[in-house]
Structures are given as C-alpha cells and as structure tokens.
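Chemist: I would like the atomic coordinates for the input below:
(one chain, ligands or ions: 1)
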Amino acid sequence: MVNARRFPDPPRAGKPTIGVLALQGSFPLHIASLQRCGVEARRVRKPEDLEDIQGLVIPGGESTTMENLASRCGLFEALRSAGRDGLPIFGTCAGAILLGKGSERPERLQVVDIEVRRNAYGRQIDSFNAELFLASFETPFHGVFIRAPIIEAAAENLDCEILGRHEGHPVLLRNGRILLATFHPELTDDLRVHKLFLEMCELERGKAGEEIREGSGGGQARENAF
Ligand code: GLN
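Modeler: Numbers count the residues shown, from 1 in each chain. Sure, this is the predicted structure:
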C-alpha cells in the first residue's frame, strides 16, 4: 500500500515532470503522449532519474526484460521504494505486471497487493482491440491489448476502484496513487487515460492543469510499436 511521504509539489515556474521508465518497450510513445498533455517527460534509466518527479509511467513491453535491466543497475529496488513511499505510478500492461504480484516470473515490485497474470488471454487471442467503457469517460476508449495480462482484483478489496472491465476482467484499476491498465492508451491519439493519471499526480493545478484539461484527441489506433 502507498502512503505518507509527500512528493514535491510541481515547481511553480516551468512544467511539472513525469518520469517514464525507459529501459525497453513503448516508452517513446508514452513520452509523446505526456508531452501532448503539456508536461515534461523524463526518461528514467537509473535511480537518480527518480528524483524530483511528480509521477512515473512504467510502459508496456516485456516485463522479464524490464525487470532484468532494472535489477542490474539498482533501479528495481529504487522503483519499489518510490512506489511504496507514495509516488504516483501508472503501469500499462508489462508495467501493470511489474507493479502487482504474481507467482511466476518476473520478480514483481508488489507495490499493489493485486495478482496480475501474464499472457492470460492465451495464444489464440493474444492481441485484440476492444471498445472500453471507462468510468467518467463519456465516450468509449479504444483499447489495444497486446499479449495482455489479466488483473485478478478481489471484489472485496475495497481500496481498489475498478474503472473499466472487459469480459468481466478489470482493465483499468486505481489503487491509491497507483493506476494499472492492461491495454495501451499510448498507442492511440486519445489522451484521456494519461490525463486521468496526471490528475492523480495532482498536476491539475495552475497552468499545467489548464493544458491538461484541454480537449483530447480521437480514438485512432497507431501502428503497433511491438
Ligand atoms: N506479455 C508481456 C509480458 O509478459 C506484456 C505485453 C505488453 O506489455 N504489451 O511482459
């Protein structure tokens, strides 16, 4: 569970900074989405890169590779500490796998006490698109699922807000300052999920907030980056 430690308020001058774990996977597209939301995006490749950020995105990709690379430079433990200390973190797909818990590889950060099962849709439908009805969004969100995991959120876990489901499984879930998505919002032009995360980072105040609240794009899918 996340708690206590206060992360710095966004600097009054200049744009707030969101880190993006940039070891492998779809980090360039998350950086582009965040920049389109009007915030600064910083590549995170070593523990020091976590300093003075207001939130962090862990992208989709290959969770075992990310875990390996992060462990080698001490970043895995630093990510775990940051998450447990209350840094807002948005994990998409492989990022959600890493943030959760699970018995199979890779080792998990276990920042949220939720089982996230890798490649759980099986080979037959390992990649698919679905229109998602997400809480507080007036129109559907185009969900791109690529070898997606399944979040096994226990209904009795009252700390979890399930913000969307597909075929009964949670696909967007909030637990305190942690946001998990099993789909890839960065592969669309639709910024609504990134903006939701930025609101969680309390960046809606001031100038940056005005940029964040400006209209989002449509739901057009981009070319698959995997
Ligand atoms: N299947 C990948 C894994 O296990 C995740 C896929 C993705 O991030 N799109 O790490």
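Chemist: Quick one: name the residues of the chain near the ligand.
Modeler: 60-63, 93-94, 97, 118-119, 146-147 (C-beta under 6 Å from any ligand atom). To be clear about C-beta, it is placed using only N, CA and C from the backbone, and glycine gets the same treatment.
Chemist: Which pair in these has the greatest spatial separation?
Modeler: 61 and 119 (13.4 Å; C-beta to C-beta).
Chemist: Surely residue 194 is in contact with residue 37?
Modeler: Yes - judged on C-beta atoms under 8 Å, residue 194 makes contact with residue 37 at a distance of 5.4 Å.
Chemist: These two: who's more crowded?
Modeler: Taking other C-beta atoms under 10 Å, residue 194 and residue 37 do not tie; residue 194 has more neighbours (24 against 21).
Chemist: Just confirm that one is within a helix.
Modeler: Yes - assigned with DSSP: H, G, I helix; E, B strand; the rest coil, residue 194 falls within a helix.
Chemist: who wins for most neighbours among the residues of the chain next to the ligand?
Modeler: Neighbour-wise, these (other C-beta under 10 Å) top out at residue 60, 34 neighbours.
Chemist: for the protein, where's the lowest mean pLDDT among helices and strands?
Modeler: Lowest mean confidence among the helices and strands of the chain (mean pLDDT, DSSP states H and E): helix 206-213, at a mean of 46.
Chemist: For this protein, which segments are assigned as strands?
Modeler: 17-21, 40-44, 55-58, 89-92, 115-117, 127-132, 141-146, 150-152, 160-166, 169-175, 178-181 (DSSP state E).
Chemist: Which of these sits closest to residue 78?
Modeler: strand 40-44 (9.2 Å).
Chemist: Alpha carbons only: can I get the closest one in PDB?
Modeler: Written as PDB, here are the backbone C-alpha positions of strand 40-44 (Å, rounded to 0.1, in the frame of the first residue of the first chain):
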ATOM      1  CA  GLU A  40       7.700  17.400 -19.200                       C
ATOM      2  CA  ALA A  41       8.600  13.700 -19.600                       C
ATOM      3  CA  ARG A  42      11.900  12.400 -18.300                       C
ATOM      4  CA  ARG A  43      13.500   9.100 -19.300                       C
ATOM      5  CA  VAL A  44      14.200   7.000 -16.200                       C
END
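Chemist: any weak-confidence spans in the protein?
Modeler: Low-confidence segments of the chain (pLDDT under 70): 1-14, 124, 154-158, 203-226.
Chemist: if you set the cut-off to 90 instead, what comes out?
Modeler: 1-16, 104, 120-126, 136, 153-160, 202-226 (pLDDT under 90).
Chemist: and residue 47, how many neighbours?
Modeler: By other C-beta under 10 Å, neighbour count at residue 47 equals 17.
Chemist: likewise residue 125?
Modeler: 9.
Chemist: And it, how far from residue 167?
Modeler: Distance of residue 125 to residue 167, given as C-beta to C-beta, to the nearest Å: 10 Å.
Chemist: quick revisit: could I get the strands of the chain in a markdown table, plus columns for distance to residue 109?
Modeler: Output for these, formatted as a markdown table (distance: least, C-beta to C-beta, whole Å):
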| stretch | distance to residue 109 |
| --- | --- |
| strand 17-21 | 11 |
| strand 40-44 | 14 |
| strand 55-58 | 9 |
| strand 89-92 | 9 |
| strand 115-117 | 11 |
| strand 127-132 | 25 |
| strand 141-146 | 21 |
| strand 150-152 | 15 |
| strand 160-166 | 17 |
| strand 169-175 | 13 |
| strand 178-181 | 10 |
